[in-house]
Each structure stands twice: as C-alpha cells, then as structure tokens.
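1. This is the structure alone, sequence omitted:
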C-alpha cells in the first residue's frame, strides 16, 4: 500500500490536521518522524488520498504544510 507523508510544524498542528481531515471525511494518521533539520519538528500526517487536495484543505484552515514524500507500507522513508 502506497501512502503520502506530509510534514507539519508541530505535534499540535498534526493533531489539528487529523481533526480537520477526519471531520472532512478523509482518513489520516499522525506519525512520529526521526527529528532532523530537513523535516522540522518530527511529526507528519499519513494519508492515502491526493496530497494536493489534502494540503489545500489544511492550508485553507491555516495549517502550513511542509515536505511531502511517498512511502510504501513497511518502508518508513
């Protein structure tokens, strides 16, 4: 199964993102990432839907999104 990880700036924004998306009918989960300079705080949301649509919903709700990357289930990178 392929999914997309979208970095957010804090765990608070990850929780807000999950709430917004779940209330909009989109399934997502919060993932703890390895902390490094590139990914920021170390939290991302995991989605199966179109990342452009998801980022649009989040940005309309005041949540800035960061790096996006595609991953396969079982491969965390």
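-> Arrived safely. From a predicted model like this one, the values you see are computed outputs, not experimental measurements.
2. what's the distance between the helix or strand of the chain with the lowest mean pLDDT and the middle of its chain?
-> The helix or strand with the lowest mean pLDDT-type score in the chain, counting by mean pLDDT, DSSP states H and E, is strand 65-72 (a mean of 91). Centroid displacement of strand 65-72 relative to its chain, using C-alpha atoms, centre = their mean, to the nearest Å, is 7 Å.
3. In its sheet, which strands sit next to that strand, and in what direction?
-> strand 2-8 (antiparallel) (DSSP bridges).
4. what sits up against the following helix or strand past the strand it pairs with?
-> On the C-terminal side of strand 2-8, the closest following helix or strand by DSSP states H and E is helix 11-23. The contact list for helix 11-23, computed with C-beta atoms under 8 Å, 6 or more residues apart in numbering, reads 8, 27-30, 41, 43-45, 47, 54, 57-58, 61, 63-64. C-beta coordinates here come from the backbone N, C-alpha and C atoms, glycine included.
5. how does it look with 7 Å?
-> If you take C-beta atoms under 7 Å, 6 or more residues apart in numbering as the criterion, helix 11-23 is touched by 8, 28, 30, 41, 43, 45, 54, 57, 58, 61, 63.
6. Checking residue 45 next. Helix, strand or coil?
-> strand (DSSP: H, G, I helix; E, B strand; the rest coil).
7. residue contacts, it?
-> 6, 8, 14, 17, 18, 28, 30.
8. Next, the angle from the least confident helix or strand of the chain to helix 11-23.
-> Put simply, strand 65-72 runs at 70 degrees to helix 11-23, going by axes from the mean of the first three to the mean of the last three C-alpha atoms, to 10 degrees.
9. Name the residues of strand 65-72 that come out as buried.
-> 65, 66, 71 (16 or more other C-beta atoms under 10 Å).
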